[in-house]
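> here's a sequence, model it:
(one chain, ligands or ions: 1)
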Amino acid sequence: MTTMQAAVLRGIQQLAIEERPVPEPGPGEVLVKITAVGVCGSDVHYYQHGRIGDFVVEQPMVLGHESGGVVVGVGAGVDASRIGQRVSVEPGVPDLTCAECLAGRYNLCPDMRFFATPPFDGSLAEYVTVHAAFAHPVPDTISDDAAALLEPLSVGVWANRKGQVGAGSRVLITGAGPIGLVATQCARAYGATEIVVADLNPHRLKLAQDLGATATINVGDTSLREAGYEPTVLLECSGHPGATGDGLRTLARGGRAVLVGMGDDGLPLPLTHLQSREIEVTGTFRYANTWPTAIALAASGRVDVDTLVTGHFALADSEAALLAGERDPFAVKSVINPQR
Ligand SMILES: [Zn+2]
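Numbering: from 1, shown residues only. Here you go, the predicted model:
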């Protein structure tokens, strides 16, 4: 095994399956044979537009950052007993030395190397190398697909942590895409007693109900403000400016808003409401220290990420996997299995 296949974004809407050398694990790294890669909205966005905000694809880039697999090689300084371990790959490796890293906020590290964020290649390939500590061992109760989907699950864990969701919390989740659906399940696991999910897609709202929502709002029929809920926490997972503004206006006194969805740069804020109710608003950027929690939630069955998978694809069909979400209103999460 000296070469492998990888799905490379060469330009806007130009995805090619290329032959590349199998990477060599450097000191402190492991080589992972990839068994599953989830398709994220960001992969689709790079494919369609070649950029996300300031991150611009200027040279060919391997897509993919939600991945799991098996350790098949180790670099210098890594215990060879790791070979054979099933792992979930945490796709962002910080420098571990800067002020943010030392403060425990490694997601804010300015020197982060994150899979499939230019200029770094992603994991939509047969093999990748990664820092040994960021290849998290998973138990056999976690499927190959689920090992990959611990990445979006981590986003849900982080959103609930930032929102300080706990027993008795009343949570409003706007957007029932994959992130909204993992945030819903995490809110339930964290003890929230009211979990209201809002979206336009009835299929996704039904799924939200199956996964722990206590109520749903189809915002095509009823506006958030008419629906009559007064949550203590808003987890905004749609990126839609209207949902963000309306969600903020529903929040109870002393409430907390967590902005997870990627929105526009500008947004009118209901400042009087935020000020008079002392509402806290926070952004989120990826996650930090979430894998142990995500592994425990998935392994214990408190959270089910396998249910989100609506399509399996071979590496050669990566383009179809990227387009599934736009073509099929029932599609939630596409998974590519590079060893198929
Ligand atoms: Zn750092």
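> M112: neighbour count?
For M112, the neighbour count with other Cβ atoms under 10 Å is 20. The way it works is simple: take the backbone N, C-alpha and C, and place the C-beta from them, glycine included.
> and for A132?
Counted with other Cβ under 10 Å, residues neighbouring A132 total 19.
> got it, and T232?
Neighbourhood size, T232 [other Cβ under 10 Å]: 21.
> residues contacting the spatially most central residue of the chain?
The centre of the chain sits closest to P152, judged by Cα atoms, centre = their mean, with a distance of 2.5 Å. Shown in contact with P152 (Cβ atoms under 8 Å, 6 or more residues apart in numbering): 38, 40, 66, 178-179, 182, 305, 333.
> and it, how far from G73?
27 Å (Cβ to Cβ, to the nearest Å).
> partners of the nearest residue to M61 once chain neighbours are set aside in the sheet?
Excluding the flanking residues, the one nearest M61 by Cβ to Cβ, 6 or more residues apart in numbering is L9, at 5.2 Å. Legend: beta-bridge partners of L9 under DSSP bridges are L15, M61.
> measure L9 to D221 for me?
Taking Cβ to Cβ, one finds L9 at 38 Å from D221.
> so those two - more neighbours on which side?
Neighbours per residue (other Cβ under 10 Å) separate L9 from D221, with L9 holding more: 27 against 10.
> ok, now which ones touch the more buried one?
For L9, the contact set (Cβ under 8 Å, 6+ apart) comprises 15, 46-47, 50, 57, 60-63.
> again with G26
Listed by Cβ under 8 Å, 6+ apart, the contact set of G26 reads 75-76, 129.
> can you tell me which of these has the most neighbours?
Ranking the contacts of G26 using other Cβ under 10 Å puts T129 first, with 18 neighbours.
> returning to that earlier point: quick one: secondary structure of the residue nearest to the centre of the chain?
Of the three states, P152 takes helix under DSSP: H, G, I helix; E, B strand; the rest coil.
> average pLDDT across stretch 136-147?
The pLDDT scores in stretch 136-147 average 98.
> what's the end-to-end length of it?
One end of stretch 136-147 to the other measures 9 Å (Cα to Cα, to the nearest Å).
> stretch 272-282 now?
For stretch 272-282, the first-to-last residue distance is 17 Å (Cα to Cα).
> surely G38 touches E151?
Yes: under the criterion of Cβ atoms under 8 Å, G38 makes contact with E151 at 6.8 Å.
> mutual contacts of the two, please.
Shared contacts of G38 and E151, counting by Cβ under 8 Å, 6+ apart, come down to 66-67.
> list the residues that contact K33.
Going by Cβ under 8 Å, 6+ apart, K33 touches 69-72, 126-127, 339.
> could you pull out the helices for the protein?
Listed in chain order, the helices of the chain (DSSP state H) span 41-49, 99-102, 144-162, 178-190, 202-210, 224-227, 241-250, 271-276, 291-299, 318-327.
> do you know which of these lies nearest the ion?
Of all the helices of the chain, helix 99-102 sits nearest to the ion, with 3.3 Å by Cβ to the ion.
> count the neighbours of the residue of the stretch 151-300 of the chain found nearest the ion for me.
Per Cβ to the ion, A288 is where the stretch 151-300 of the chain lies closest to the ion, at 10.7 Å. By the criterion of other Cβ under 10 Å, A288 has 20 neighbours.
> surely it meets W158?
Yes: assessed by Cβ under 8 Å, A288 is found in contact with W158 at 7.4 Å.
> overlap in contacts of the two?
Among the neighbours of A288, those also in contact with W158 (Cβ under 8 Å, 6+ apart) are N107.
> ok so, going back, and the pLDDT at the residue lying closest to the residue of the stretch 151-300 of the chain closest to the ion once chain neighbours are set aside?
Among residues not flanking A288 along the chain, N107 sits closest, at 4.3 Å (Cβ to Cβ, 6+ apart). For N107, the pLDDT comes out at 98.
> give me the number of neighbouring residues for N107.
N107 has 20 nearby residues by other Cβ under 10 Å.
> next: A167.
8.
> give me phi/psi at it?
phi -60, psi 130 (degrees, to the nearest 10).
> could you pull up the residues touching F120?
By Cβ under 8 Å, 6+ apart, the neighbours of F120 are 61, 113-114.
> what about these, which one has the most neighbours?
M61 (22 neighbours).
> can you report phi and psi for the nearest residue to R277 once chain neighbours are set aside?
Spatial nearest neighbour of R277, excluding adjacent residues (Cβ to Cβ, 6+ apart): R253 at 4.6 Å. R253 adopts backbone torsions of phi -60, psi 140, taken as degrees, to the nearest 10.
> got a pLDDT number for R253?
Per-residue pLDDT puts R253 at 98.
> and it, how many neighbours?
Neighbours of R253 (other Cβ under 10 Å): 10.
> quick one: which of the contacts of P152 is most hemmed in?
Among the contacts of P152, E66 has the most neighbours (other Cβ under 10 Å), with 33 neighbours.
> correct me, but that residue touches I34?
No: using Cβ under 8 Å, E66 is not in contact with I34; the gap is 10.6 Å.
> any weak-confidence spans in the chain?
Within the chain, no stretch has pLDDT under 70.
> what's the burial count for the nearest residue in space to L251 that is not next to it in sequence?
In this structure, L251 finds its nearest non-sequential neighbour in I279, 5.2 Å apart by Cβ to Cβ, 6+ apart. Using other Cβ under 10 Å, I279 has 21 neighbouring residues.
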